[in-house]
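Participant: no sequence on this one, just coordinates:
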């Protein structure tokens, strides 16, 4: 891929600014964890796996700047760093997963000197980024096989290289099918209100030379009914123990329309997106974002001043609509409760 | 209502410019039929019944300006006026219905002098406008009874006063329930790409003091699944003999989601929207509009330059998803093929 979503460089965290795509390809540098937290909250970086990587790098930056004489003091301050990063966005579980992993690494090395712990945390954050790329390629290997020659795949939001350390989850599946020489094309929902599909997915796929057609979200049903869509693949922000999947608002509608039109609907996500501590999708917290995302476009109003708005950023697709969950360990189907447990070895 | 969608004034056709709402309430004046045709094509005026009124007034303007000595010469030129107006938009049948009605009035008076015919056509256009308002009120009377106390009604696009001579079809149903003292509220889909819901429906309802909440199209399913929506009411651009209904793109998705969540989905439209010459929705022509409606907002790009776009302006909702078609003559349900024929006395 010809862009880099996030990387650790010269003791800074560098991210492509996703709020400015596709118009400008700008890379922002963050020197402290507060900056990384702001970048996550402000959606400079977004997408569940990418948020996980960013949070890990944020923890590493925070750890580097802690002034402490003892592990206890270091640990208390690190807990504060983690709290700030954890409060940025509530729905994607990868954020909490990455923070917990970093905490465990610190704890496992509590008897070493603080400089060693700081270096180990930095290495762990970089490892999470590198692993994520490998995970996406494995998701692509498993999922690519589900995409038939000649397929037209609908995707929603951006579960691409920009949503991960690279390659993508849903777009990883599409990339793998494309790389395998299959003649496929993509329909990208624009994905209101933030337009991840129009601004990010279309941009990524065009860069890679994968044929993409942009539509409004409300056109997906039209093309499904016409028989123009042969499969749907989306990402995930959190998957409950029963397979219910939280993903970008509008995913549920895509799944219902796919079922109605007998089109397979797949979720592609790393195992770190599983939250087996949550029984069903009803318990997944759904972030509600600011009204201005709906009422304003490019800073200009498109609705009457003072109109009441609801803006849930995610919805939950019940497991019964999902034809398969594509992970780096393989494709899970059928009895999700049993199969997801087996996948993580519980 | 505190605005006027379209009227004949001082031998001009005056329309509120719907491309500039809600920011500016501007009234445009059209002095010839070409101007009216441009206004329909450019969506200065939109909404099936309002397009019908505009076309009738366009025919009257055209008739006024024809220079002819004989009825034959007048009639040939009038046919040209009608052709230009008929080519503006393909889906809403009210356009063709209104033009045919005007042609029949001219033909019925072919033995009178041309000045009389011109005056009669002008009177007929104004009558179509006035009738449309009465029809909307009758739709409201029939449909308002279907909306229960405490209801939250989802609507898509704008089937309001702005889509008709006033009062509206879907919003006429909502207005009638509100005027009957029922405590109801509305969820308005913003309706991409043209944002009729955000720009027009929210504006109209706020003017009338009817509680309205604006959402992106892809949020409707979320609120249906949560149980927050108790009914859906939309307008129509053309209804086939079997009840299949063409309406703004995204209507089909609303209907599928409503069925999945056991919420009644109603269509509100005047009898002039019926096209019993068409057997099923498969035969309704669907207008595809310019890509820039999807790629640009407020003139600024929101997608990569050169991205391929599809932009169907309408979709067809099969009759099996429709709980009732609300017309000025009553509510049709069940066997649409039989009941719609009976409604028009065939």
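Facilitator: Arrived safely, thanks for sending. Since the structure is predicted, the reported quantities are computational estimates derived from the model, not experimental observations. Residues are numbered from 1 along each chain as shown, chains lettered A, B, ... in the order given.
Participant: and the strands in the stretch 51-200 of chain A, which stretches?
Facilitator: Secondary structure of the stretch 51-200 of chain A (DSSP state E, counting those that start in this stretch): strands at A:152-155, A:185-189.
Participant: including distance to chain B, mean pLDDT and mean neighbour count, could those go into TSV?
Facilitator: The way it works is simple: take the backbone N, C-alpha and C, and place the C-beta from them, glycine included. What follows is the strands of the stretch 51-200 of chain A, written out as TSV (distance: least, Cβ to the nearest Cβ, whole Å; pLDDT from 0 to 100; neighbours: other Cβ atoms under 10 Å in any protein chain shown):
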stretch	distance to chain B	mean pLDDT	mean neighbour count
strand A:152-155	11	98	25
strand A:185-189	8	98	25
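Participant: would you turn those strands into a markdown table with distance to residue B:140?
Facilitator: Compiled in a markdown table, the strands of the stretch 51-200 of chain A are given as follows (distance: least, Cβ to Cβ, whole Å):
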| stretch | distance to residue B:140 |
| --- | --- |
| strand A:152-155 | 38 |
| strand A:185-189 | 35 |
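Participant: would you map out the domains in chain A?
Facilitator: According to automatic domain parsing, chain A is divided into the following domains: A:6-137, A:141-343.
Participant: winner for burial among these?
Facilitator: domain A:141-343 (a mean of 22; mean count of other Cβ atoms under 10 Å in any protein chain shown).
Participant: so the residue in the stretch 1-150 of chain A positioned nearest to chain B, which state does it fall into?
Facilitator: Going by Cβ to the nearest Cβ, chain B is nearest to residue A:22 of the stretch 1-150 of chain A, at 4.3 Å. Assigned with DSSP: H, G, I helix; E, B strand; the rest coil, residue A:22 falls in the coil class.
Participant: so it touches residue B:303, yeah?
Facilitator: Yes - between residue A:22 and residue B:303 there is a contact at 6.8 Å, judged by Cβ atoms under 8 Å.
Participant: find residues that contact each of these two.
Facilitator: Jointly contacting residue A:22 and residue B:303 under the rule Cβ atoms under 8 Å, 6 or more residues apart in numbering or on different chains are A:199, A:202.
Participant: could you pull out the helices for the stretch 151-300 of chain A?
Facilitator: For the stretch 151-300 of chain A, applying DSSP state H, counting those that start in this stretch gives helices covering A:170-179, A:196, A:202-208, A:220-225, A:251-260, A:292-295.
Participant: contacting residues around the residue of the stretch 1-150 of chain A closest to chain B?
Facilitator: Residue A:22 makes contact with A:199-200, A:202-203, B:301, B:303-305, according to Cβ under 8 Å, 6+ apart.
Participant: which one of those residues is nearest to residue A:188?
Facilitator: Closest approach between the contacts of residue A:22 and residue A:188, by Cβ to Cβ: residue A:202, at 5.3 Å.
Participant: wait, which of the strands of the stretch 51-200 of chain A is closest to residue A:233?
Facilitator: strand A:152-155 (5.6 Å).
Participant: neighbouring contacts of the closest one?
Facilitator: A:147, A:170-171, A:174, A:177, A:184-189, A:197, A:201, A:220, A:223-224, A:228-234, A:254, A:258.
Participant: what's the offset of it from the middle of its chain?
Facilitator: In this view, strand A:152-155 has its centroid 18 Å away from the chain centroid, taken as Cα atoms, centre = their mean, to the nearest Å.
Participant: and stretch A:318-326, by the same measure?
Facilitator: Centre-to-centre, stretch A:318-326 and its host chain are 17 Å apart (Cα atoms, centre = their mean).
Participant: on that earlier part again, need the helices of the stretch 151-300 of chain A in CSV (columns: mean pLDDT).
Facilitator: Shown next, in CSV, are the helices of the stretch 151-300 of chain A (pLDDT from 0 to 100):
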stretch, mean pLDDT
helix A:170-179, 98
helix A:196, 98
helix A:202-208, 97
helix A:220-225, 98
helix A:251-260, 98
helix A:292-295, 97
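Participant: reformat those helices as CSV; add distance to chain B.
Facilitator: Below are those laid out as CSV (distance: least, Cβ to the nearest Cβ, whole Å):
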stretch, distance to chain B
helix A:170-179, 15
helix A:196, 11
helix A:202-208, 5
helix A:220-225, 4
helix A:251-260, 4
helix A:292-295, 6
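Participant: between these, which one is nearest to residue A:30?
Facilitator: Counting by Cβ to Cβ, residue A:30 lies closest to helix A:196 out of these; the figure is 21.4 Å.
Participant: what is that closest one packed up against?
Facilitator: Here helix A:196 touches no other helix or strand, going by 3 or more Cβ pairs under 8 Å, 6 or more residues apart in numbering or on different chains; DSSP states H and E.
Participant: contacts for it next, please.
Facilitator: Residues contacting helix A:196 (Cβ under 8 Å, 6+ apart): A:46, A:157-158, A:248.
Participant: quick check: residue A:19 touching residue A:39?
Facilitator: No - in this structure residue A:19 lies outside contact range of residue A:39 using Cβ under 8 Å: 9.6 Å.
Participant: identify the contacts common to those two.
Facilitator: Joint contacts of residue A:19 and residue A:39 (Cβ under 8 Å, 6+ apart) do not exist.
Participant: low pLDDT regions in the stretch 1-150 of chain A?
Facilitator: By pLDDT under 70, the low-scoring segments of the stretch 1-150 of chain A are A:1.
Participant: change it to 90
Facilitator: Low-confidence segments of the stretch 1-150 of chain A, defined by pLDDT under 90: A:1-2.
Participant: for chain B, what are the nearby residues on it?
Facilitator: A:22-23 (Cβ under 8 Å from any Cβ of the partner chain).
Participant: residue ranges of the helices in the stretch 1-150 of chain A, please?
Facilitator: Remark: helices assigned in the stretch 1-150 of chain A by DSSP H, counting those that start in this stretch are A:33-41, A:48-65, A:71-86, A:93-108, A:114-144.
Participant: so which other helices or strands are in contact with the shortest one?
Facilitator: If you count contacts as 3+ Cβ pairs under 8 Å, 6+ apart, helix A:33-41 packs onto strand A:12-16, strand A:27-30, helix A:48-65, helix A:71-86.
Participant: same thing with the last one?
Facilitator: Helix A:114-144 makes packing contacts with strand A:6-9, helix A:48-65, helix A:71-86, helix A:93-108, helix A:170-179, strand A:265-268, strand A:324-327, strand A:330-332 when contacts are defined by 3+ Cβ pairs under 8 Å, 6+ apart.
Participant: make JSON lines out of these and add distance to residue B:131.
Facilitator: As requested, the helices and strands packed on helix A:114-144 are exported to JSON lines (distance: least, Cβ to Cβ, whole Å):
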{"stretch": "strand A:6-9", "distance to residue B:131": "62"}
{"stretch": "helix A:48-65", "distance to residue B:131": "55"}
{"stretch": "helix A:71-86", "distance to residue B:131": "62"}
{"stretch": "helix A:93-108", "distance to residue B:131": "58"}
{"stretch": "helix A:170-179", "distance to residue B:131": "52"}
{"stretch": "strand A:265-268", "distance to residue B:131": "47"}
{"stretch": "strand A:324-327", "distance to residue B:131": "55"}
{"stretch": "strand A:330-332", "distance to residue B:131": "60"}
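Participant: which one of these lies nearest to residue B:164?
Facilitator: Nearest of these (Cβ to Cβ): strand A:265-268, 38.3 Å.
Participant: what sits up against the closest one?
Facilitator: By Cβ under 8 Å, 6+ apart, the surrounding residues in contact with strand A:265-268 are A:139, A:143, A:146, A:159, A:169-170, A:172-173, A:231-236, A:239, A:245, A:247, A:254-255, A:258-259, A:317, A:321-327.
Participant: still on that earlier bit, residue B:104 is nearest to which of the strands of the stretch 51-200 of chain A?
Facilitator: Residue B:104 sits nearest to strand A:185-189 of all those, at 44.4 Å, using Cβ to Cβ.
Participant: residue A:284: which of the helices and strands packed on helix A:114-144 is closest?
Facilitator: Closest approach to residue A:284 among the helices and strands packed on helix A:114-144 (Cβ to Cβ): helix A:93-108, 8.4 Å.
Participant: so what touches that closest one?
Facilitator: By Cβ under 8 Å, 6+ apart, the residues outside helix A:93-108 that reach it are A:40, A:48-49, A:51-53, A:55-56, A:59-60, A:63, A:74-75, A:78-79, A:82, A:85-86, A:88-89, A:117, A:120-121, A:124-125, A:128, A:237-238, A:270, A:272-275.
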